[in-house]
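>>> Here's my sequence, what's the structure:
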Amino acid sequence: MASMDVAAVSGRKRKVIRRVDSKMSMRDSKGVASSSDESSSDAIKTITPKTVAYRVARGEMLIIYEDKVYNVTLFAKCHPGGELVLKHMMGCDATDEINGLHPQWVIDDRMPRFFIANLVPDDDTSSSSIADAADEETYRTKQLTRAAYRKLEHKIRDAGLFETNMWYYVAHLVEYTVLVAIGFIGIIHGTNMWHYLVSALCMGAFWQQSAFAAHDAGHNGITHVREIDAAIGIFLGDFCGGLSIGWWKKSHYVHHIATNNPNDDPDIQQLPFFAISKKFLEDVYSSYYNKTLVFDKVAQIVIPFQHLYYYVVLCFGRFLLYFLGWSFVLTEPGYKKRAAEIVGLSFYFCWLSTLVSQLPDWKTRAIWLLVSHASTVFLHIQINLSHWSMSTEDLGKDEPFPVKMLRTTQDVTCPWWMDAFHGGLQFQAIHHLFPRVPRHNLRQCIPFVKEFAAEVGITYHSYEFVEANTHVWKVMKEIGEQVSLMAQVAHSEATSGGHHHHH
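Residues are numbered from 1 along each chain as shown. Next up, the predicted model:
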């Protein structure tokens with residue numbers, strides 16, 4: 001089943017297909033490619049869920065899209081969204097995830113190369129057919145939810161909400177230019193601390209705002225042309241902000257697939273500083289970092305106070321992003337854009353240090369750096385706000401994509417005139433359902449999503465900014481209290497154990 005032969009009407013057509021076949025056989029998984037030579041049947045190949053599961057267990061990367069099976073084993077290392085994303089979808093129906101995160105041309109032009117067979121039900125329906133996975137009823141409910149989600153996607157597309165209004169970005173470009181100009185002028189022509197502080201705040205605002213646009217570009221959501229959006233991402237992320245867009249893509253695409261899963265989502269794996277799920281109080285294996293996250297002595301000491309230092313630590317979040325960006329760019333194996341990113345990041349640190357050196361003394365320089373970097377704190381607050389108080393359960397690979405997204409993500413209710421400040425991150429639930437919808441259209445998607453949620457019986461969560469922060473704060477406080485309690489129990493057991501020993 002490693003390759004497929006298609007019944008061709010004419011010999012000429014057959015020859016073309018044979019050629020595609022041979023290319024696919026070479027691309028296909030080791031040791032299975034030869035099977036195409038043996039099979040001479042002209043029928044389209046079929047494969048059952050049982051066989052898919054067996055081959056995945058043997059290490060092949062098979063994914064299902066619209067009841068067709070694709071073998072991406074050899075392509076995985078070259079996948080622009082990273083290999084890990086494909087690993088998470090092995091053996092699963094990835095239709096909604098693929099539609100949500102890819103432009104149509106990838107589905108039409110690229111994916112057929114990896115097609116191996118059509119999915120058909122298992123013959124032995126009594127044992128392990130998909131329908132029997134839990135029971136007929138749950139399976140039907142899941143399929144109805146998926147169908148309703150696809151209908152919702154069509155509605156949003158028909159309403160023109162996948163289209164970018166380029167004037168929106170032109171306006172933002174003007175805003176960025178003004179902020180950078182004030183940032184530079186405040187330092188070069190400034191004469192007192194107030195000038196320098198205004199300069200620092202404007203530079204921080206520019207970094208925060210340009211990060212929103214880099215996020216849009218990373219989702220191919222500005223021009224919808226991959227090369228152009230990638231260039232915009234590197235320019236805004238690396239050259240203007242000193243942050244690695246490659247690092248961001250690697251972690252962010254996984255976050256979109258495995259949202260809030262303690263084992264898989266790097267966005268919530270924040271030990272030893274933060275734990276937002278009880279799971280982190282034991283050792284958790286991280287598939288992203290490929291190591292066990294140990295709940296160590298440091299975590300035991302500091303996490304009881306995490307709700308107190310949460311906002312303070314976030315003020316320094318940008319410095320951590322510099323470190324993560326550099327370590328990714330220098331160490332990520334086989335990373336194609338390494339040279340471009342090293343140039344971009346080096347350029348950023350050159351212009352920033354030259355600018356800061358214009359300040360009169362070291363004390364002023366330190367203050368300017370702290371204020372400018374700490375003022376981007378809202379970006380970090382918002383990234384966490386949408387997820388950190390939501391469910392961190394792992395409900396299995398068969399959970400429908402839209403159900404998982406609305407279970408693990410909340411929106412922030414705010415007036416329309418605050419949208420520019422929040423940069424689209426206030427509509428994370430909508431964004432997770434439709435990552436490629438440009439952010440200036442996210443608000444218009446809300447009525448459609450509310451209608452969908454009501455129809456399939458799931459909750460769409462949306463709270464005011466302060467209330468959403470309170471939820472996160474409470475979760476952190478509860479986990480902190482649990483750690484304190486564990487420590488007290490351990491302590492009392494140790495002391496009572498000691499007394500017994502004495503007797």
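>>> how about low-confidence regions in this protein?
Scanning the chain for pLDDT under 70 picks out 1-43, 124-134, 497-503.
>>> I'd assumed residue 269 was in contact with residue 285.
No - Residue 285 is beyond contact range of residue 269, at 10.5 Å (criterion: C-beta atoms under 8 Å). From N, CA and C alone the C-beta is placed, and that goes for glycine too.
>>> can you give me the helices for the stretch 301-450 of the chain?
All helices of the stretch 301-450 of the chain, identified by DSSP state H, counting those that start in this stretch, fall at 306-315, 317-331, 338-357, 362-374, 377-385, 401-408, 419-422, 428-433, 442-456.
>>> Which of these sits closest to residue 274?
Closest to residue 274 of the helices of the stretch 301-450 of the chain, according to C-beta to C-beta: helix 306-315, at 5.4 Å.
>>> for the closest one, which positions count as buried?
306, 307, 310, 313, 314, 315 (16 or more other C-beta atoms under 10 Å).
>>> quick one on the thing from earlier: looking at the helices of the stretch 301-450 of the chain, which is nearest to residue 171?
Proximity to residue 171 (C-beta to C-beta) singles out helix 419-422 among the helices of the stretch 301-450 of the chain, at 8.9 Å.
>>> Can you dump the C-alpha atoms of that closest one in CSV for me?
The C-alpha trace of helix 419-422 is given here as CSV (Å, rounded to 0.1, in the frame of the first residue of the first chain):
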residue,chain,number,x,y,z
ASP,A,419,-8.9,46.1,19.2
ALA,A,420,-5.7,47.8,18.0
PHE,A,421,-4.3,47.7,21.5
HIS,A,422,-5.1,44.0,21.9
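>>> Need the residues that contact that helix.
175, 209, 378, 382, 412, 414, 426, 440, 443 (C-beta atoms under 8 Å, 6 or more residues apart in numbering).
>>> And the buried ones among those residues, selectable in PyMOL?
Command for PyMOL that selects the buried part of the contacts of helix 419-422, burial taken from 16+ other C-beta under 10 Å:
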select buried, resi 209+378+382+412+414+426+440+443
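>>> Just flag the most distant two among the contacts of helix 419-422.
For the contacts of helix 419-422, the maximum inter-member distance is 21.1 Å, found between 175 and 412 (C-beta to C-beta).
>>> returning to that earlier point: let me know the closest of the buried residues of helix 306-315 to residue 251.
residue 314 (17.2 Å).
>>> residue contacts, that closest one?
Applying C-beta under 8 Å, 6+ apart, the residues near residue 314 are 377, 380, 381, 384.
>>> And for residue 195?
Residue 195 makes contact with 186, 189, according to C-beta under 8 Å, 6+ apart.
>>> which SS class is it?
Under DSSP: H, G, I helix; E, B strand; the rest coil, residue 195 falls in the helix class.
>>> What is the burial count for residue 87?
Counted with other C-beta atoms under 10 Å, residues neighbouring residue 87 total 15.
>>> Wait, it touches residue 79, no?
No - Residue 87 is beyond contact range of residue 79, at 10.0 Å (criterion: C-beta under 8 Å).
>>> gap between residue 489 and residue 296?
As judged by C-beta to C-beta, to the nearest Å, residue 489 and residue 296 stand 18 Å apart.
>>> would you list every one of the helices in the stretch 1-150 of the chain?
Secondary structure of the stretch 1-150 of the chain by DSSP H, counting those that start in this stretch: the helices cover 11-27, 35-38, 49-57, 83-88, 95-101, 104-105, 125-128, 136-158.
>>> for the closest residue to residue 318 other than its chain neighbours, what are its contacts?
In this structure, residue 318 finds its nearest non-sequential neighbour in residue 373, 4.7 Å apart by C-beta to C-beta, 6 or more residues apart in numbering. By C-beta under 8 Å, 6+ apart, the contact list for residue 373 reads 204, 315, 316, 318, 319.
>>> List the buried residues of stretch 138-153.
Applying a neighbour-count criterion of 16+ other C-beta under 10 Å, one finds 139, 142, 145, 146, 148, 149, 152, 153 buried in stretch 138-153.
>>> Revised request: answer the last question for stretch 76-96.
For stretch 76-96, burial by neighbour count (16+ other C-beta under 10 Å) applies to 81-82, 84-86, 88-96.
>>> likewise stretch 401-417?
Quick answer for stretch 401-417 (16+ other C-beta under 10 Å): 401-412, 414.
>>> Tell me which other helices or strands the longest helix anywhere in the chain touches.
Identified as the longest helix of the chain according to DSSP state H is helix 465-502. Packed against helix 465-502 by the contact rule (3 or more C-beta pairs under 8 Å, 6 or more residues apart in numbering; DSSP states H and E) you find helix 297-302, helix 306-315, helix 377-385, strand 411-413.
>>> let's see 7 Å
Where contact means 3 or more C-beta pairs under 7 Å, 6 or more residues apart in numbering; DSSP states H and E, helix 465-502 is packed against helix 306-315, helix 377-385.
>>> neighbours around residue 456, how many?
Per other C-beta under 10 Å, the neighbour tally for residue 456 reads 19.
>>> wait, doesn't it sit right on residue 143?
No - using C-beta atoms under 7 Å, residue 456 makes no contact with residue 143, being 11.1 Å away.
>>> Please enumerate the shared neighbours of the two.
Contact criterion C-beta atoms under 7 Å, 6 or more residues apart in numbering; residues shared by residue 456 and residue 143: none found.
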